[in-house]
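S.K.: Pasting a predicted model and its sequence here:
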Amino acid sequence: MQQIVVYPGSFDPVTNGHLDIIKRSAQIFDQVIVAVFKNPQKQPLFTMEERVDLLKEVTKELDNVSVDSFSGLTMDYVRSKKAIAIIRGLRAVSDFEGEFQMALLNKELNREVETIFFMTDIKYAYLSSSAVKEVAQFGGNIDGLVPDLVKKALKEKYAL
Ligand code: ADP
């Protein structure tokens, strides 16, 4: 049986930290679905379509990675894809609390699906989409933090 996993997130926009997690998951599992979710609590900079397009472009060389979007419960989406696990990344201790809560809640919703955590690469330990946006909006240097395509898209958004 194919081992399918779902990597859900806002990806507003995708960073090299996300990309690192995607590549590492793709080396372990048969199929990785990167799934952009509609988070009603967050006001995104990039539209859902833009986030999906950027992800598709930066993962196009990875044969077993696909990009999708969803709204509603992550677990419902995971079930519909017949995935065996949810992939999440961990950076600092500050990520732990929320991720711990979410993983336990998801386990409650479906005992058959695991949440698997990838520890960040030390290079990306302080990297987040929000940090990138903060630096980019004031014209700061984001080389090495995001793929070139994302850098260009950020420049256009902030009309730099
Ligand atoms: P969310 O709104 O779900 O937190 P994000 O797009 O911010 O969505 O992140 C998606 C997942 O990727 C989360 O599990 C987050 O911890 C992880 N992640 C984000 N940035 C990094 C990074 N630099 N290194 C490792 N994991 C990361």
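M.R.: Cool, got the structure.

S.K.: Which residues of this protein lie near the ligand?
M.R.: 9-11, 15, 17-18, 21, 39, 88-89, 91, 95, 120, 124, 127-129 (Cβ under 6 Å from any ligand atom). Where you see a C-beta, it was placed from the backbone N, CA and C, and this is true even at glycine.

S.K.: What ranges does this structure have for its strands?
M.R.: Here the chain has its strands, by DSSP state E, at 4-9, 31-37, 65-70, 85-90, 114-119.

S.K.: Mean neighbour count and mean pLDDT for these - can I get that in a markdown table?
M.R.: Listed next are those as a markdown table, based on neighbours: other Cβ atoms under 10 Å; pLDDT from 0 to 100:
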| stretch | mean neighbour count | mean pLDDT |
| --- | --- | --- |
| strand 4-9 | 22 | 98 |
| strand 31-37 | 24 | 98 |
| strand 65-70 | 19 | 98 |
| strand 85-90 | 20 | 97 |
| strand 114-119 | 16 | 97 |
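
S.K.: and these as CSV, adding distance to K155?
M.R.: What follows is these, written out as CSV (distance: least, Cβ to Cβ, whole Å):
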stretch, distance to K155
strand 4-9, 23
strand 31-37, 21
strand 65-70, 22
strand 85-90, 26
strand 114-119, 29
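
S.K.: At the geometric centre of the protein, which residue do we find?
M.R.: What sits nearest the mean C-alpha location of the chain, by Cα atoms, centre = their mean, is G9, with 4.2 Å.

S.K.: Quick check: it vs Q101, distance?
M.R.: 16 Å (Cβ to Cβ, to the nearest Å).

S.K.: Same check on V34?
M.R.: Relative to Q101, and taking Cβ to Cβ, V34 is found at 22 Å.

S.K.: likewise T120?
M.R.: T120 sits at a distance of 19 Å from Q101 (criterion: Cβ to Cβ).

S.K.: contacting residues for the closest residue to I116 other than its chain neighbours?
M.R.: Distances taken as Cβ to Cβ, 6 or more residues apart in numbering put A85 closest to I116, at 4.9 Å, once the chain neighbours are dropped. Residues in contact with A85 (Cβ atoms under 8 Å, 6 or more residues apart in numbering) are V5, V6, F29, V113, E114, T115, I116.
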